[in-house]
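Asks: Predicted model, plus sequence, below.
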Amino acid sequence: MQFAFASWAIVGKVTLGVVAPEALTLLRLLGGAVAFVALSLVSGRPLVAPRGERLAVLWLALTGLVINQLCFTWGLARTSAIETTLLVATIPVFSALFAVFTGAERLSRSVVFGISCAMAGAVLVARPWRAAGAQPHLVGDALVLINSASYASYLVRGRAVFARHGAFTVLGWIFPIAALCVLPIGLRELVRGAPSFSARTWAAIAYVVAAPTVLAYAGNAYALARAPSSLVAAFIYVQPALAVLMAMLFGDALAAWLSVPLPRERLELATAAGLVAILLGVWVATRPSRRPPGEGAKA
């Protein structure tokens, strides 16, 4: 799942050179909606959430798909794939923060230190003191952080819903809702750009829909139904290393394949230091030893 999510930053960054962010987000959501509704139809699962779950399902659709995917795509279009993936590593910290706000966790010194350390790392990655020409990077990094906070809320709130109804059932509920929400934003850009998409562009879009959307969300939901959200979020540790490696190995080749100009992805010293601070903060803020017995599933 983390490999699929990490590849989204690389393939998505290149694809955004020819596809508008709103159109690409809409295509992801439409593809996911078709896939998960089809699975529900084949398996005989209900296509509509029960009345008592509809507010929770709407929340999951907004936080896990609409806000998360739009902010990620807008951010990715403005900053580098490496910076995007490093900032995504803050998701477990936001998960811990939400756990504190909801009363599932107490605000201990380790939580405060971990969150502070991770946020300091995020500042190092974004580096707001960079030259004025780097302002799009800063806006993009801020959007990615909003994406991380939104997705963390999805992880925390989603675990109970996935456990009650099953991963594919809930995904069949939330993807159509999210697609309808994004339709007014993305349809115009899609209609405008689609006639000029090459076969290679459609191949890249198909990958984005299949791997970082259908496969990744299905795997994530399957895991959430069977493991604490804190454990699922902790595997985000793996994502930055995978993304950096893929960006350096395949980014230029993929850009050339799609005939898209792409600045070379570089891991600068300050960015690496920021990654270390983020991962240290995540480890301190989310380590299991600070939780009373039985609290792990609430993170």
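Replies: Nice, thanks for sending it over.

Asks: quick one, what contacts the residue lying closest to L107 once chain neighbours are set aside?
Replies: Once flanking residues are discounted, L107 sits nearest to V100: 5.1 Å by Cβ to Cβ, 6 or more residues apart in numbering. All C-beta atoms are positioned from the backbone trio N, CA, C, and that covers glycine. V100 is in contact with 106-107, 111, counting by Cβ atoms under 8 Å, 6 or more residues apart in numbering.

Asks: Let me have those in TSV, adding distance to G281 as columns.
Replies: Output for those, formatted as TSV (distance: Cβ to Cβ, whole Å):
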residue	distance to G281
R106	18
L107	15
V111	10
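
Asks: which one among those residues gets closest to A6?
Replies: Of all these, A6 sits closest to V111, with 26.9 Å by Cβ to Cβ.

Asks: C-alpha coordinates for the strand or helix carrying that closest one, PDB please?
Replies: In this assignment (DSSP states H and E), V111 forms part of helix 109-126. What follows is helix 109-126 as a C-alpha-only set of coordinates in PDB (Å, rounded to 0.1, in the frame of the first residue of the first chain):
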ATOM      1  CA  ARG A 109       5.100  15.600  27.500                       C
ATOM      2  CA  SER A 110       6.200  13.000  24.900                       C
ATOM      3  CA  VAL A 111       3.200  14.000  22.700                       C
ATOM      4  CA  VAL A 112       4.000  17.700  23.000                       C
ATOM      5  CA  PHE A 113       7.700  17.100  22.200                       C
ATOM      6  CA  GLY A 114       6.900  14.700  19.300                       C
ATOM      7  CA  ILE A 115       4.400  17.100  17.700                       C
ATOM      8  CA  SER A 116       6.800  20.000  18.100                       C
ATOM      9  CA  CYS A 117       9.700  18.100  16.700                       C
ATOM     10  CA  ALA A 118       7.700  16.900  13.700                       C
ATOM     11  CA  MET A 119       6.300  20.400  13.000                       C
ATOM     12  CA  ALA A 120       9.900  21.800  13.200                       C
ATOM     13  CA  GLY A 121      10.900  19.200  10.600                       C
ATOM     14  CA  ALA A 122       8.000  20.200   8.400                       C
ATOM     15  CA  VAL A 123       9.200  23.800   8.600                       C
ATOM     16  CA  LEU A 124      12.700  22.600   7.500                       C
ATOM     17  CA  VAL A 125      11.300  20.800   4.600                       C
ATOM     18  CA  ALA A 126       9.100  23.800   3.500                       C
END
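
Asks: and it, which residues are buried?
Replies: For helix 109-126, a neighbour-count test (16 or more other Cβ atoms under 10 Å) marks 110-111, 114-115, 117-119, 121-122, 124-126 as buried.

Asks: ok, residues contacting stretch 211-220?
Replies: Contacts of stretch 211-220 (Cβ under 8 Å, 6+ apart): 1, 4-5, 7-8, 11-12, 28-29, 31-32, 35-36, 167-168, 171, 232.

Asks: excluding its backbone neighbours, what's nearest T271?
Replies: Using Cβ to Cβ, 6+ apart, the nearest residue to T271 is V125, at 5.5 Å.

Asks: Also V139?
Replies: Closest to V139 by Cβ to Cβ, 6+ apart is R78, at 5.4 Å.

Asks: same question, T90
Replies: S148 (4.8 Å).

Asks: I'd say that neighbour and L97 touch.
Replies: No: S148 is beyond contact range of L97, at 10.7 Å (criterion: Cβ atoms under 8 Å).

Asks: So for these two, which sits in the more crowded spot?
Replies: S148 (25 against 22; other Cβ atoms under 10 Å).

Asks: mind listing what N147 touches?
Replies: Contacts of N147 (Cβ under 8 Å, 6+ apart): 67-69, 71-72, 75, 88.

Asks: which other helices and strands contact the strand or helix carrying W8?
Replies: Element membership of W8, judged by DSSP H and E, is helix 2-15. Where contact means 3 or more Cβ pairs under 8 Å, 6 or more residues apart in numbering; DSSP states H and E, helix 2-15 is packed against helix 68-78, helix 81-88, helix 199-209, helix 216-224, helix 238-257.
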